[in-house]
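# Generate a structure from the sequence data that follows.
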Amino acid sequence: MRQALTRWRGVIEVVLAVLLAALASGGFTFGLQRAMATSDPVVVVVSGSMVPTLQVGDLVIIQGVRASDVKVGEIVVFQSPAAPDEKIIHRVIRIEVRYELPGGAEELWFTTKGDANLDPLPGVDHFPSRNLIGKAVFWFRYLGFPAMLLENNSVRAVLWASFVGLVAYSVFKELPRRKQGQDVGKPAQGSAYKDSPEA
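Next up, the predicted model:
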């Protein structure tokens, strides 16, 4: 068993490295979600609407907050009212109270605007507090580009192909060694001569 593990060590190391990287990434994400109190603790800037404060490719750390703690002038991340799967990062320019919830309960509504935009975007920059994800607490210039690349299907296909190729290479590299090890243990094949008494 130990000998077999030794022969396949290269393949096992590659697979374990990928699994450990995936587990570490998942653990880091989970830990950051708990620490920042939001399901989306990291956001990558994908448009120039917040230039010059935020540039395309910036990695932004988001802190989950209560809507009542948000102040005018802060940068927030929210789900777009026009496309719930789309996340927007803009600056708050106005906060108002509405009483449109069932029973007449109050709800905060935010109006935001990108620093590079002249006006709020219709249908996007006006949303209720239930769409709020959190506020930006700090950001890293251009560190989001790797994440943007991983969102590209072509890039992911190349990475998966590279991984499969690496595993295949490790397997085929070990096969000759394994065969050679098996051949060493076999007795040499040759002609067998039988002694016979002289006449």
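# element containing residue 34, please.
helix 9-36 (DSSP states H and E).
# Show the subsequent helix or strand relative to that helix.
strand 42-44.
# Pairing partners for that following strand, with directions?
Paired neighbours of strand 42-44 in the sheet (DSSP bridges): strand 59-63 (antiparallel).
# Quick check: mean pLDDT of the partner strand?
For strand 59-63, the mean pLDDT works out to 95.
# ok, residues contacting it?
Surrounding strand 59-63, the residues in contact under the criterion C-beta atoms under 8 Å, 6 or more residues apart in numbering are 36-38, 40-45, 54, 77, 89, 133-140, 142-144, 147. Where C-beta positions appear, they are placed from N, C-alpha and C, glycine not excepted.
# Assumed residue 51 was part of a strand.
No. If the criterion is DSSP: H, G, I helix; E, B strand; the rest coil, then residue 51 is coil and not within a strand.
# Please name the nearest non-neighbouring residue to it.
residue 116 (4.5 Å; C-beta to C-beta, 6 or more residues apart in numbering).
# Then residue 72?
Leaving aside its chain neighbours, residue 72 sits nearest to residue 92 (5.3 Å; criterion: C-beta to C-beta, 6+ apart).
# Let me see the ranges of the strands in this protein.
Counting by DSSP state E, the segments of the chain that form strands are 42-44, 59-63, 75-79, 87-98, 107-113, 126-128, 132-140.
# Quick one: residues contacting residue 114.
The neighbourhood of residue 114, defined by C-beta under 8 Å, 6+ apart, consists of 47, 49-50, 90-91, 121.
# which of those are buried?
Burial by neighbour count, 16 or more other C-beta atoms under 10 Å: within the contacts of residue 114 this picks out 49-50, 90-91, 121.
# ok, back up a step: nearest to residue 105 among the contacts of residue 114?
Distance to residue 105 across the contacts of residue 114 (C-beta to C-beta) is lowest for residue 90, with 25.9 Å.
# Report the contact partners of the closest one.
49-50, 75-76, 78, 112-114, 125.
# Residue 43 contacts residue 88, correct?
No. In this structure, residue 43 is not within contact of residue 88 by C-beta atoms under 8 Å, at 9.6 Å.
# tell me, what's touching those two both at once?
Any residue near both residue 43 and residue 88 by C-beta under 8 Å, 6+ apart counts here, and that gives residue 77.
# need the contact list for residue 100.
Counting by C-beta under 8 Å, 6+ apart, residue 100 makes contact with residue 107.
# Domains in this protein, by residue range?
1-36+160-178, 38-143 (automatic domain parsing).
# looking at the ones you listed, which has the lowest confidence?
Ranked by mean pLDDT, the domains of the chain bottom out at domain 1-36+160-178, with a mean of 64.
# burial of residue 117, as a residue count?
Counted with other C-beta atoms under 10 Å, the neighbours of residue 117 add up to 16.
# For it, give me its contacts.
Going by C-beta under 8 Å, 6+ apart, residue 117 touches residue 49.
# From residue 84, how far off is it?
From residue 117 across to residue 84, the span is 21 Å (C-beta to C-beta, to the nearest Å).
# Cheers, nothing more for now.
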